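Novice: 3D, please:
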Amino acid sequence: PPRGAPPHLLFGCKTLNAIWGIRTAAAGSAFGPPQLYSLLTALGPLGIHTLLRALKDEASAIVCSSLTPYVAVLLEALPAPPRPPPHAYGAGGAFLFYGAKLADLKHYEELHVGVFSAIRALGNALALAAAIDTALAATDVFAARQMPGGGTGAAQMPGGGT
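Specialist: The predicted structure follows:
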């Protein structure tokens, strides 16, 4: 919405203006659905395919080059698996039990620099791929609803063809 426009010109009523203001303030500078829809529109089908292929290649590279060597070394360095805590301790007790057993790993600086940042990058790639999938599904549903008959019939092409 344009800045400085009177409230009745933005979204039609004060309630919708307030809702928009709250959502915009909460989102801040986040990359959300409006930005994602714009990106997908600008990329087009071929660009989306290229982006998803690049995300897949990046995720594969992170797993193969960054995570696999660390996991192999850590599995060799870990002590034999301890006997699990009694069931009565619950999830919180199990978390504290294994946290105490693996406390030495928490202070291993190589994990903070290498593995944790690689896991963060992998999570970001997967989150972007999931957001793209959600946006594409929503776009397909919207396009189907725009078809004649509410999405139940064949779309009519300009000039009378189907």
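
Novice: please name the nearest non-neighbouring residue to Leu128.
Specialist: Leaving aside its sequence neighbours, Leu128 sits nearest to Leu55 (Cβ to Cβ, 6 or more residues apart in numbering; 6.3 Å). The C-beta positions use only the backbone N, C-alpha and C, and glycine is treated the same way.

Novice: OK, contacts around the one you found?
Specialist: By Cβ atoms under 8 Å, 6 or more residues apart in numbering, Leu55 lies in contact with 125, 128-129.

Novice: show me what counts as buried in the helix or strand containing it.
Specialist: Under the criterion DSSP states H and E, the helix or strand holding Leu55 is helix 33-61. In terms of neighbour count (16 or more other Cβ atoms under 10 Å), helix 33-61 has its buried residues at 36, 39-40, 48, 51, 55, 59.

Novice: quick one: distance of that helix to the chain centre.
Specialist: Per Cα atoms, centre = their mean, to the nearest Å, the displacement of helix 33-61 from the mean C-alpha position of its chain is 12 Å.

Novice: so for that helix, mean pLDDT?
Specialist: Mean pLDDT, taken over the full extent of helix 33-61, equals 90.

Novice: for the following helix or strand past it, list the C-alpha coordinates in PDB.
Specialist: Secondary structure here is assigned by DSSP H and E; on that basis, the next helix or strand after helix 33-61 toward the C-terminus is helix 68-77. Included here for helix 68-77 are C-alpha records, laid out as PDB according to Å, rounded to 0.1, in the frame of the first residue of the first chain:
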ATOM      1  CA  THR A  68      29.200 -36.900   6.600                       C
ATOM      2  CA  PRO A  69      32.900 -36.500   7.600                       C
ATOM      3  CA  TYR A  70      32.000 -35.000  11.000                       C
ATOM      4  CA  VAL A  71      29.300 -37.700  11.700                       C
ATOM      5  CA  ALA A  72      31.800 -40.500  10.900                       C
ATOM      6  CA  VAL A  73      34.500 -39.000  13.200                       C
ATOM      7  CA  LEU A  74      31.900 -38.400  16.000                       C
ATOM      8  CA  LEU A  75      30.600 -41.900  15.800                       C
ATOM      9  CA  GLU A  76      34.100 -43.300  16.300                       C
ATOM     10  CA  ALA A  77      34.800 -40.900  19.200                       C
END
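
Novice: where does the prediction get shaky in this structure?
Specialist: Within the chain, the set of residues satisfying pLDDT under 70 comprises 1-13, 27-29, 112, 141-162.
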